[in-house]
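**Student:** Give me coordinates for this.
(one chain, ligands or ions: 1)
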Amino acid sequence: MIMLFANSKILWGLWQVVTYCTSRTTLPLLIVAGVAFLVMQLMSLVRESRKLPPGPWGPPIVGYLPFVGVRHKTFLELARCYGALFSARLGNQLTVVLSDYKLIREAFRREEFTGRPSTPLMHTLDGLGIINSEGRLWKNQRRFLHEKLREFGMTYMGNGKKIMEERIKTEVQELMINLHCADGVPIDANPLFALGVSNVICGITMSVRFSHGDARFERLNHLIDEGMRLFGEIHYGEYIPLYNYLPGKAQVQEKVAKNREEMFSFYQTLIDEHRSTLDVNKARDLIDVYLIEIEKAKLEGREGELFEGRDHELQLKQILGDLFSAGMETIKSSLLWMIVFMIRNPDVKRRVQEELDVVVGRDRLPTIEDMPGLVYTETTILETLRMSSIVPLATTHSPTKDVNLNGYRIPAGSQVVPLINCVHMDPNLWDEPNKFNPSRFIDDNGKIRRPEYFMPFGVGRRMCLGDVLARMEMFMFFASMMHQFDVQMEPGDALPSLEGTVGATIAPQAFRVKFVPRTPPAPAPPAASQPDHAHLRHVGSH
Ligand code: HEM
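**Tutor:** Numbers count the residues shown, from 1 in each chain. You can find the predicted model right below:
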């Protein structure tokens with residue numbers, strides 16, 4: 001009752017003020033001041049946005065966010081409308097999209113473009129590892145990994161190449177056996193590809209090998225898939241931080257943090273085991289390399305400086321996570337796309353198989369040494385990478401300070417993305433870009449040509465760290481599959497779709513395919529060359 005009385009007094013007071021204002025000159029003055037303020041705001045916004053690349057406008061607070069949908073597709077349409085350099089405000093983040101290959105190259109060779117954006121999801125990862133770190137930590141880690149991974153065979157030259165080839169060969173042979181076991185029945189090849197590809201990267205980094213049907217592997221695979229999906233989707237909380245304070249809206253960060261913890265506990269067990277058997281004079285894998293580096297820093301009294309003072313083991317675990325996810329999902333998706341394109345382009349498939357039969361013959365599997373002679377096979381891989389653009393927006397870059405690009409201001413902290421799918425499908429660069437045509441990568445002398453606008457691994461300072469491994473793996477797995485099997489759909493089944501599933505990579509939608517052994521049958525791997533796994537440790541249920 002008292003409250004009601006008090007409220008009515010306040011309302012009465014307000015009413016008095018309003019009637020006073022309307023009866024005098026104050027109201028027109030207030031209106032004029034308000035309009036002037038709005039006009040000034042608008043002018044400053046227009047002035048500000050004049051220096052920014054052009055782009056679409058959206059309502060206050062959310063900006064263009066509600067209209068984004070599938071990012072790489074919407075950006076492609078906006079690029080057609082606003083040009084090769086446009087910007088759009090998504091919530092509180094300014095996104096700048098580059099779709100001209102020269103501009104992408106020019107920007108990404110510059111030091112200022114090596115930063116990463118600051119968003120709630122990125123904060124969950126603490127700026128550790130290689131993919132999400134920046135500044136000195138990133139620079140030193142990139143140099144260190146480059147050098148060490150070369151020693152483990154991620155190189156086209158020297159003895160290292162042989163080590164890596166042997167490692168991949170082991171997994172290729174295992175995949176061939178598993179595909180033979182499928183007995184020509186339609187299968188979803190995804191889990192088999194995931195197994196083979198994971199075993200390569202996990203062997204290099206942790207000396208771990210998983211077996212088919214291993215429950216632990218299936219769980220890790222699921223966590224990686226989920227992580228990729230969560231990082232690839234649009235979340236309002238990433239652009240409007242207050243959104244995360246609404247009930248139940250911080251779920252994405254919580255999920256990422258929880259999954260990361262689970263992966264980290266798997267890595268921790270391996271790190272502890274490695275530490276207890278460490279020989280500082282002989283690194284077995286990347287975990288050993290890091291443990292030796294940590295020991296060395298302790299001995300030299302520069303423990304505090306190592307990894308820019310960040311927690312050593314957390315950094316190591318994030319590195320393992322980064323390489324596992326970047327090295328597995330990308331290659332697996334690319335191999336699946338190769339199968340999709342082979343099914344949809346039987347003439348290309350036949351030509352690849354003919355080339356393999358002539359160059360390799362029928363009595364052994366292809367090797368890295370065969371690569372220069374298998375031009376059509378290799379360009380079929382390149383054409384798949386072009387048409388699928390599995391990482392269409394690369395990883396988001398963020399300028400570390402305000403920079404000028406093509407006469408426009410790109411503010412520090414904005415999100416800068418290269419539109420790789422746009423470059424790869426540009427009719428001004430590629431003849432009939434929608435046609436699957438591996439020959440476009442072959443020059444008049446029959447040699448492979450890689451135009452500078454072909455950029456599946458990104459370009460510049462943050463270009464893919466695993467491109468050499470990726471190329472070796474894709475070649476070995478794809479050439480061996482085509483050599484040994486004919487891929488076919490079950491009669492009556494629809495062709496696999498060209499529409500991808502959107503996550504951090506664009507993967508093909510699930511499909512089932514028959515791997516029919518080719519006639520005359522290629523011999524199974526001889527007993528002596530059966531996979532030698534003695535040096536690797538099986539984990540999980542085996
Ligand atoms: C077909 C296979 C692959 C494709 C298409 C691919 C593509 C890419 C792209 C587009 C980027 C981002 C470049 C940028 O932001 O400018 C990237 C970054 C990266 N990739 Fe790959 N990648 C593949 C395989 C691999 C493999 C096998 C590894 C692991 C050894 C790997 C490790 C990385 C790392 C660590 C980065 C981050 C580099 C940095 O931030 O400095 N990638 N990759």
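**Student:** who touches the closest residue to residue 253 other than its chain neighbours in this structure?
**Tutor:** In space, and not counting its chain neighbours, residue 253 is closest to residue 124: 5.1 Å by Cβ to Cβ, 6 or more residues apart in numbering. Where C-beta positions appear, they are placed from N, C-alpha and C, glycine not excepted. By Cβ atoms under 8 Å, 6 or more residues apart in numbering, residue 124 lies in contact with 253, 256, 257, 260.
**Student:** Repeat the analysis, applying 6 Å as the threshold.
**Tutor:** Contacts for residue 124 were tallied using Cβ atoms under 6 Å, 6 or more residues apart in numbering; they are 253, 256, 257.
**Student:** which of the residues you listed has the most neighbours?
**Tutor:** Per-residue neighbour counts (other Cβ atoms under 10 Å) across those peak at residue 253, which has 20 neighbours.
**Student:** ok so, going back, need the phi and psi values for the residue nearest to residue 253.
**Tutor:** Main-chain dihedrals, residue 124, degrees, to the nearest 10: phi -60, psi -30.
**Student:** ok, how many other residues are close to whichever residue of the stretch 351-500 of the chain sits closest to the ligand?
**Tutor:** Residue of the stretch 351-500 of the chain nearest the ligand, by Cβ to the nearest ligand atom: residue 466 (2.2 Å). Look at residue 466: counted by other Cβ under 10 Å, it has 18 neighbours.
**Student:** Do you have the helices of the stretch 51-200 of the chain handy? List them.
**Tutor:** 71-82, 101-108, 120-124, 135-151, 158-181, 190-206 (DSSP state H, counting those that start in this stretch).
**Student:** what do you get for the stretch 301-450 of the chain?
**Tutor:** Remark: helices assigned in the stretch 301-450 of the chain by DSSP H, counting those that start in this stretch are 312-344, 346-359, 375-388, 420-424.
**Student:** of all those helices, which lies closest to residue 57?
**Tutor:** Of all those, it is helix 420-424 that lies closest to residue 57, at 21.6 Å by Cβ to Cβ.
**Student:** Next, work out how far apart the residue of the stretch 351-500 of the chain closest to the ligand and residue 313 are.
**Tutor:** Residue 466 sits at a distance of 23 Å from residue 313 (criterion: Cβ to Cβ, to the nearest Å).
**Student:** repeat for residue 74
**Tutor:** As judged by Cβ to Cβ, residue 74 and residue 313 stand 41 Å apart.
**Student:** what about the nearest residue to residue 353 once chain neighbours are set aside, how many residues close to it?
**Tutor:** Nearest non-adjacent residue to residue 353, counting by Cβ to Cβ, 6+ apart: residue 482, 5.6 Å away. Residues near residue 482, counting by other Cβ under 10 Å, number 24.
**Student:** ok, residue 482 - contacts?
**Tutor:** Residue 482 neighbours (Cβ under 6 Å, 6+ apart): 352, 353, 356.
**Student:** Figure out the helix or strand that it lives in.
**Tutor:** Using DSSP states H and E, residue 482 sits within helix 467-484.
**Student:** Going by neighbour count, which residues of that helix are buried?
**Tutor:** Residues of helix 467-484 classed as buried by neighbour count (16 or more other Cβ atoms under 10 Å): 468-484.
**Student:** Next, the angle helix 135-151 makes with that helix.
**Tutor:** 40 degrees (axes from the mean of the first three to the mean of the last three Cα atoms, to 10 degrees).
**Student:** What is the helix or strand following helix 467-484 packed up against?
**Tutor:** Note on helix 467-484: by DSSP H and E, the next helix or strand toward the C-terminus is strand 485-488. Here strand 485-488 touches helix 312-344, strand 514-517, going by 3 or more Cβ pairs under 6 Å, 6 or more residues apart in numbering; DSSP states H and E.
**Student:** after strand 485-488, next one along is what?
**Tutor:** As assigned by DSSP H and E, the chain's next helix or strand after strand 485-488 is strand 500-502.
**Student:** Run the contact check for that next one versus the ligand.
**Tutor:** No - judged by Cβ under 6 Å from any ligand atom, strand 500-502 stays clear of the ligand, getting no closer than 13.2 Å.
**Student:** Parallel or antiparallel, list what pairs with that strand.
**Tutor:** Note on strand 500-502: by DSSP bridges, its sheet partners are strand 506-508 (antiparallel).
**Student:** what does the strand it pairs with rub up against?
**Tutor:** The contact list for strand 506-508, computed with Cβ under 6 Å, 6+ apart, reads 333, 336, 337, 340, 390, 500, 501.
**Student:** same thing but 8 Å
**Tutor:** Here strand 506-508 makes contact (Cβ under 8 Å, 6+ apart) with 72, 329, 332-333, 336-337, 340, 388-392, 496-497, 500-501.
**Student:** just to revisit the earlier point, turn the helices of the stretch 301-450 of the chain into JSON lines, columns for mean neighbour count.
**Tutor:** Formatted as JSON lines, the helices of the stretch 301-450 of the chain follow (neighbours: other Cβ atoms under 10 Å):
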{"stretch": "helix 312-344", "mean neighbour count": "23"}
{"stretch": "helix 346-359", "mean neighbour count": "16"}
{"stretch": "helix 375-388", "mean neighbour count": "23"}
{"stretch": "helix 420-424", "mean neighbour count": "24"}
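**Student:** got those as TSV, with mean pLDDT and distance to residue 242 columns?
**Tutor:** Below are those laid out as TSV (pLDDT from 0 to 100; distance: least, Cβ to Cβ, whole Å):
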stretch	mean pLDDT	distance to residue 242
helix 312-344	96	28
helix 346-359	98	51
helix 375-388	98	37
helix 420-424	97	32
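**Student:** Next, format the ones you listed as a markdown table and append distance to residue 32.
**Tutor:** Below are the helices of the stretch 301-450 of the chain laid out as a markdown table (distance: least, Cβ to Cβ, whole Å):
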| stretch | distance to residue 32 |
| --- | --- |
| helix 312-344 | 57 |
| helix 346-359 | 71 |
| helix 375-388 | 59 |
| helix 420-424 | 48 |
